[in-house]
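Engineer: Here is the input, now give the coordinates:
(chains A and B)
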Amino acid sequence: MSSSKGLTFKGGIHPTSDGKALSSSAAIQDAPLLEEYQVIIHQNIGAPPKVLVAKGDEVKKGQVIAEAGGFVSVALHSPTSGKILKIDNIPGPMGVPVQAVFISADGEDQWGELMPPMDWKNAEPQAIKDRIRDAGVVGMGGAAFPTHVKLSPPPEKKLDCLILNGAECEPYLTADHRLMVEYPEKVLEGAAILGKAIAVTDIYIGVEVNKMDAIDTLLAKADAYGIKIVGLQVKYPQGAEKHLISAIIKREVPTGGLPMDVACVVQNVGSAAAVADAVTEGKPLIERITTITGLPVKNPSNWRLKLGTPIVEAIKFAGGIVCEPAKIILGGPMMGFAQKSLQVTVTKNTSGVLLMKKEEITQYQSTACIRCGRCLDACPMNLQPGSLSAAIESEKFDLAAKNNLMDCVECGSCAYVCPSNRPLVQHFRRAKAEIRNRSKK
Amino acid sequence: MNEEIKQEAAPKAEMQLPKGNELVLSSSPHIHANEDVQKVMLKVMIALMPAVFAGMLFFGNAAILVILYCIAFSVAAEMIWCKFAGKPLNTVKDLSAVLTGLLLAMNLSAGVPWWLCLIGAFLAIWLGKQVFGGLGHNPFNPALVARVALLIALPKYMTSWVPTRFMDIDGITCATPLGVVSTTEKVLQNAQGVFANVANPEAYQEYFLGNMGGCLGETSAVALLLGGVILIFFKLIKWQVPVFYVATVAAFTAIINYFFPGVTPPALFHILTGGLLLGAIFMATDMVTSPMTKKGAVLFGIGCGLITCIIRIWGNYPEGVSFAILFMNSLVPLIDRFATKKPFGFHAREDKEGAKA
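Structural biologist: Sure, this is the predicted structure:
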């Protein structure tokens, strides 16, 4: 580590209360078995998986219930053993209904036939990538982008570096933190496997320095794997792919480019642990660590939840509530999605279930921009949010695009700092969607 | 009685989760910095306090009265406009009118009558701000709009200065150092001798503390500098504006003074006298009417400095800070258009494309 403050990038914000203390010392617990799971079929970015089961089928835990529906797609597995009740719509995490496989648990929670453990040190990179795809591993930090696709750049792109994202810069979330503290070897081995899959030996794990216990735990064991642990400054969005690369290896991903353009691949620590399970034990991704937190939650804590767990049940695992929540968010407070149904179920990228009190979510009235320039300082992409917003509000999408709107990573730092409470990032999301639609036509 | 107890005890047993439709739906981010316009205005006022106290110290009760009049009339002007325009009174609550009033007072002599404060306040709030759509939409610094309008309309009141309480002067008016120099340039042959009278180490000491004629908020360099430190500490201004403004004035006047010592006094005289520090630290840095990028702030500061020097040395007015800032205010949209930031990854993209070509 180069300094006690840690490496970082230009811009970003320091949320005043990060809420991590609520759950950061709560050890990961296994959730009790429920009677029914509703596994959302399309959990990954890219093509939806093709369902292989039908109503009435018996399934074992870990059995494939849907196979990858294309290259940018992954398989989906049953979280427990039981019977397929039906395939039907349920409320989705993005606010629109989505298809889900309803599985009635038989209470045995019995594994089916696992994939054979791999001797990954002597395996072909392609075999590792296939295994990762077959195990259904996606980016578990939030994007749910299939992991094997990131590991398969076009042949002209050479890779020389792998970075694992353990920054967990979103306030309140502690799932990755607990994972690194309690299962450091799984994370490190996953990192080494990922390195093997892309044939690089230069491997870093970036962790914000507010998780010193995680850093120390990883450091103690990292040498055996030849992996470097890097302390990062506590700043949002430190975990954003491009900014993580900028902080750790000082390379700047070109605008509109991807990490592979600077010979680098970034993966989440949760995904790395899932890769380790898939490769060394043959276990598919059927559960994930999720932080259930917020002031209204009785016991803010971290849980290993099966895919398809309704969030209402997840909140009950954490002891229920002690006061009325006014908002329930999947993910963190900066980029998470507010929910209107408690029947939404846990997916591969549900990093947190955050409940907020009425007093915490005062709805602001936005006033005129006073041109203070805070959004310019906060923007990690070095954009000019104030001017972009002015262009979008007068429907000048072309001007906004010309001023690099499409580089916005939608981290929300601009809206967070705005003293006039202007919905900046909200405007940008709308305009980006609008511009994409127009260019399709 | 029993029912009441039950109701109270119920939540403790097990609270029911709310129904989905009772939940608030909104797009992220779901948290916000503990900051709003009112706090921003309040912090600027805190930064002004050293200069306010200096004004009170040097000009006594008269200064306090001018400040109170200006603030009261500005708030009244804001309320009246909002009432007749059917707007909510947010802009009164956000303290922006109070700040405008305070800044206006800083730009007036402690000797002005109450009705001049009244006219100034209405000019600042109505002509300077509301006709353009209110806070955030005004192209010009409202307090300076009022000051310049008053200067043109009522020169007699705007160019007579009361002495400070520590000056050894009989009489009710005095000259500002810049005023002395300005008349000198045009009238006397022996300009350098007069310059030496007002531009020497003892005089600089007085100017630095604020013991000279001038607007009630502009005289004390030390108080204004302290305010500048507070502004920069709270990140309320871009430091590039005052630094490049003052540096430009210093460089320009130093060069002129070096080659033509009879034309203008040394640079330090220009920095410490007149409204330069008040203008550079508090007036030119007004967020609404200054550029948004750091690059723009540099250009803006340099422009303000050049125009100030030209007016001070060759213009008909002894002081050019207000005119310079208003002129540069009008260029801000243009500056904002050209002094833009390059996005993260822009140079990397250029390098990459350059390598390909």
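Engineer: what residues are up against the residue nearest in space to the middle of chain B?
Structural biologist: With distances taken as C-alpha atoms, centre = their mean, B:Met283 lies nearest the centre of chain B, 2.0 Å away. Applying C-beta atoms under 8 Å, 6 or more residues apart in numbering or on different chains, one finds that B:Met283 lies in contact with B:Leu103, B:Asn107, B:Asn141, B:Ala143, B:Leu144, B:Gly275, B:Val321, B:Ser322, B:Ile325. To be clear about C-beta, it is placed using only N, CA and C from the backbone, and glycine gets the same treatment.
Engineer: With respect to chain A, which of those residues is nearest?
Structural biologist: For the contacts of B:Met283, the closest approach to chain A (C-beta to the nearest C-beta) belongs to B:Asn141, at 12.3 Å.
Engineer: From B:His270, how far off is the closest one?
Structural biologist: From B:Asn141 across to B:His270, the span is 21 Å (C-beta to C-beta, to the nearest Å).
Engineer: A:Lys358 now?
Structural biologist: Counting by C-beta to C-beta - A:Lys358 and B:His270 are separated by 57 Å.
Engineer: If you count surrounding residues, which of these two has more?
Structural biologist: Using other C-beta atoms under 10 Å in any protein chain shown, the more surrounded residue of A:Lys358 and B:His270 is B:His270, with 28 against 13.
Engineer: Now that one. Nearest residue, chain neighbours left out?
Structural biologist: B:Thr253 (4.5 Å; C-beta to C-beta, 6 or more residues apart in numbering or on different chains).
Engineer: Quickly find the element holding the one you found.
Structural biologist: If you go by DSSP states H and E, B:Thr253 is part of helix B:240-259.
Engineer: if you average pLDDT over that helix, what comes out?
Structural biologist: Computed over helix B:240-259, the mean pLDDT rounds to 97.
Engineer: Could you do stretch B:92-108 as well?
Structural biologist: 95.
Engineer: in the helix holding B:Thr253, what's buried?
Structural biologist: Buried residues in helix B:240-259, counted by 16 or more other C-beta atoms under 10 Å in any protein chain shown: B:240-250, B:252-253, B:256-257.
Engineer: The helix or strand just after that helix - what's its average pLDDT?
Structural biologist: Counting by DSSP H and E, the element after helix B:240-259 in chain order, helix or strand, is helix B:267-272. Helix B:267-272 carries an average pLDDT of 95.
Engineer: Residues contacting stretch B:72-88, please?
Structural biologist: The contact list for stretch B:72-88 (C-beta under 8 Å, 6+ apart) reads B:89, B:91-92, B:97-98, B:100-101, B:104, B:117-118, B:120-122, B:124-126, B:130, B:134.
Engineer: could you redo the last one with a cut-off of 6 Å?
Structural biologist: B:Leu89, B:Thr91, B:Val92, B:Ala97, B:Thr100, B:Gly101, B:Cys117, B:Leu118, B:Ala121, B:Phe122, B:Ile125, B:Gln130 (C-beta atoms under 6 Å, 6 or more residues apart in numbering or on different chains).
Engineer: Okay, and the closest residue to the first one other than its chain neighbours sits in which element?
Structural biologist: Going back to what we said before, that points to B:Leu89. Ranked by C-beta to C-beta, 6+ apart and with sequence neighbours excluded, the top spatial neighbour of B:Leu89 is B:Cys82, at 5.5 Å. Secondary structure assignment for B:Cys82, by DSSP H and E: helix B:61-85.
Engineer: what's near enough to touch the residue in chain A that chain B sits nearest to?
Structural biologist: Closest to chain B within chain A is A:Ala368: 3.1 Å, counting by C-beta to the nearest C-beta. The contact partners of A:Ala368, taken as C-beta under 6 Å, 6+ apart, are B:Leu135, B:Gly136.
Engineer: Next one: it, what pLDDT does it get?
Structural biologist: pLDDT, read off for A:Ala368, is 91.
Engineer: B:Glu4 now?
Structural biologist: With respect to pLDDT, B:Glu4 has a value of 46.
Engineer: B:Leu178 too?
Structural biologist: For B:Leu178, pLDDT reads 88.
Engineer: so where does it fall, helix or strand?
Structural biologist: Using DSSP H and E, B:Leu178 falls in helix B:177-187.
Engineer: And the next helix or strand past that helix?
Structural biologist: With DSSP H and E, the next secondary element past helix B:177-187 is helix B:191-198.
Engineer: Buried residues of that next one, list them for me.
Structural biologist: So helix B:191-198, judged by 16+ other C-beta under 10 Å, has buried residues B:Ala191, B:Val194, B:Phe195, B:Val198.
Engineer: again with stretch A:99-110
Structural biologist: A:Gln99, A:Ala100, A:Val101, A:Phe102, A:Ile103, A:Ala105, A:Asp106.
Engineer: Go through these and flag which are in helices.
Structural biologist: Among the buried residues of stretch A:99-110, no residue falls in helices (DSSP state H).
Engineer: rewinding a little: after the helix holding B:Cys82 comes which helix or strand?
Structural biologist: Helix B:61-85 is succeeded, C-terminally, by helix B:90-93 (DSSP H and E).
Engineer: what does that following helix contact?
Structural biologist: By C-beta under 6 Å, 6+ apart, helix B:90-93 touches B:Glu78, B:Met79, B:Leu135.
Engineer: anything in the helix or strand following that helix sitting right up against chain A?
Structural biologist: With elements assigned by DSSP H and E, the helix or strand that comes after helix B:90-93 is helix B:96-106. No. Using C-beta under 6 Å from any C-beta of the partner chain, helix B:96-106 never reaches chain A; the gap is at least 8.2 Å.
Engineer: Counting neighbours, which bits of whichever helix or strand B:Gly120 is part of end up buried?
Structural biologist: Element membership for B:Gly120 (DSSP H and E) is helix B:114-122. For helix B:114-122, burial by neighbour count (16+ other C-beta under 10 Å) applies to B:Leu116, B:Cys117, B:Leu118, B:Ile119, B:Gly120, B:Ala121, B:Phe122.
Engineer: That one vs helix B:96-106, what angle?
Structural biologist: Counting by axes from the mean of the first three to the mean of the last three C-alpha atoms, to 10 degrees, helix B:114-122 lies at 130 degrees to helix B:96-106.
Engineer: Roughly how far does the closest residue to chain A within chain B sit from A:Ala415?
Structural biologist: With C-beta to the nearest C-beta as the measure, B:Gly136 is the residue of chain B nearest to chain A, at 3.1 Å. To A:Ala415, B:Gly136 is 17 Å away according to C-beta to C-beta.
Engineer: out of the two, which sits in the more crowded spot?
Structural biologist: Using other C-beta under 10 Å as the criterion, B:Gly136 and A:Ala415 rank with A:Ala415 on top: 29 against 19.
Engineer: got a list of what the more buried one touches?
Structural biologist: A:Leu424, A:Val425, B:Pro29.
Engineer: cool, A:Ser301 as well?
Structural biologist: A:Ser23, A:Ala26, A:Ala318.
Engineer: Closest to B:Thr176 out of those residues?
Structural biologist: A:Ser23 (63.9 Å; C-beta to C-beta).
Engineer: quick one on the thing from earlier: as a whole number, average confidence for the helix holding B:Cys82?
Structural biologist: On average, helix B:61-85 scores 96.
Engineer: Tabulate the buried residues of helix B:191-198 (CSV), appending pLDDT.
Structural biologist: Listed next are the buried residues of helix B:191-198 as CSV, based on pLDDT from 0 to 100:
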residue, pLDDT
B:Ala191, 77
B:Val194, 80
B:Phe195, 86
B:Val198, 86
